[in-house]
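Engineer: pasting the sequence and the predicted model now:
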Amino acid sequence: LVWDDIQTFVSTVNPGTGQLVAWSENASSAEGTGIDLALVYSGIDGLTLSLSGNFANTEYQDDVPAAGIADGDAVSQSPDTTLSASGSYRWPVGDLQAMAFLSAVYTDERSDYAPGYVYTSDAVTMVNARIGVEGDSWSAYLTAENLGNEDGEVSQLAAIAQVGGLPVRYRPRTIGAEVT
């Protein structure tokens, strides 16, 4: 793939006020190669298994000094690898339909740029689950988000990190109930 005039987020901190100043501009070109893969299995009644992945290598082809981007830098917020897997199973329980679901999503580290500073996130894995029953006009589930209690830095704007701003993180492990 080849992109020209990529709209690039440019940000800086006003040294007089400490406020973030940001704008977008068509600033660079980039090239990339990659592959997407997705597989779904549903050969057993009620069971669905899914697996997908993306492997990419994207790089800026020009310097963008206002954004802190150098020729050859990875495209901002673009992970090299993302992987996901999920499984769900549905089965009858009397007049109700029971359901169980489990998913895991891996996202490789991502970078963001500001003049004189590069922020790189952590590689993170999110695991979620839910189990429940469904009636004709209602449903009840037990849910679990972030089962592994992943605490890695998911993303951040380099300009905000540069002045001590906290990165985005997943919500801690959360167990709950949902009734509709």
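Structural biologist: Noted; the coordinates are in hand. Residues are numbered from 1 along each chain as shown.

Engineer: contacts only, for residue 35.
Structural biologist: Neighbouring residues of residue 35 by CB atoms under 8 Å, 6 or more residues apart in numbering: 54, 55, 56. C-beta here means a position set from N, CA and C on the backbone, and glycine is covered the same way.

Engineer: again, only this time at 7 Å
Structural biologist: residue 55 (CB atoms under 7 Å, 6 or more residues apart in numbering).

Engineer: who does the one helix or strand it maps to pair up with?
Structural biologist: Secondary structure here is read from DSSP states H and E; on that basis residue 35 sits in strand 20-41. If you go by DSSP bridges, strand 20-41 pairs up with strand 2-13 (antiparallel), strand 47-60 (antiparallel).

Engineer: I'd like these laid out as TSV, including mean pLDDT and distance to residue 24.
Structural biologist: Below are these laid out as TSV (pLDDT from 0 to 100; distance: least, CB to CB, whole Å):
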stretch	mean pLDDT	distance to residue 24
strand 2-13	82	5
strand 47-60	96	15
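
Engineer: can the ones you listed go into TSV with extra columns for mean neighbour count and distance to residue 122?
Structural biologist: Rendered in TSV, the data for the strands paired with strand 20-41 read as follows (neighbours: other CB atoms under 10 Å; distance: least, CB to CB, whole Å):
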stretch	mean neighbour count	distance to residue 122
strand 2-13	16	21
strand 47-60	16	18
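
Engineer: for the ones you listed, which one sits closest to residue 66?
Structural biologist: For those, distance to residue 66 was read as CB to CB. The smallest value, 5.0 Å, belongs to strand 2-13.

Engineer: in CSV, list the C-alpha atoms belonging to the strand holding residue 35.
Structural biologist: As requested, C-alpha coordinates have been extracted for strand 20-41 and formatted as CSV (Å, rounded to 0.1, in the frame of the first residue of the first chain):
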residue,chain,number,x,y,z
LEU,A,20,-1.9,21.4,24.6
VAL,A,21,-2.2,22.8,21.1
ALA,A,22,-3.1,20.4,18.3
TRP,A,23,-4.1,20.3,14.7
SER,A,24,-4.1,18.0,11.7
GLU,A,25,-2.3,18.6,8.4
ASN,A,26,-1.6,16.6,5.3
ALA,A,27,2.0,16.0,6.1
SER,A,28,3.5,12.8,4.7
SER,A,29,3.4,9.7,2.6
ALA,A,30,3.7,6.2,3.9
GLU,A,31,4.2,2.7,2.5
GLY,A,32,3.1,-0.6,4.0
THR,A,33,2.8,-4.3,3.5
GLY,A,34,0.7,-6.7,5.5
ILE,A,35,-1.7,-9.5,5.6
ASP,A,36,-5.1,-10.1,7.2
LEU,A,37,-6.4,-13.5,8.0
ALA,A,38,-9.7,-14.6,9.5
LEU,A,39,-11.0,-18.1,10.1
VAL,A,40,-14.4,-19.1,11.4
TYR,A,41,-15.5,-22.7,12.4
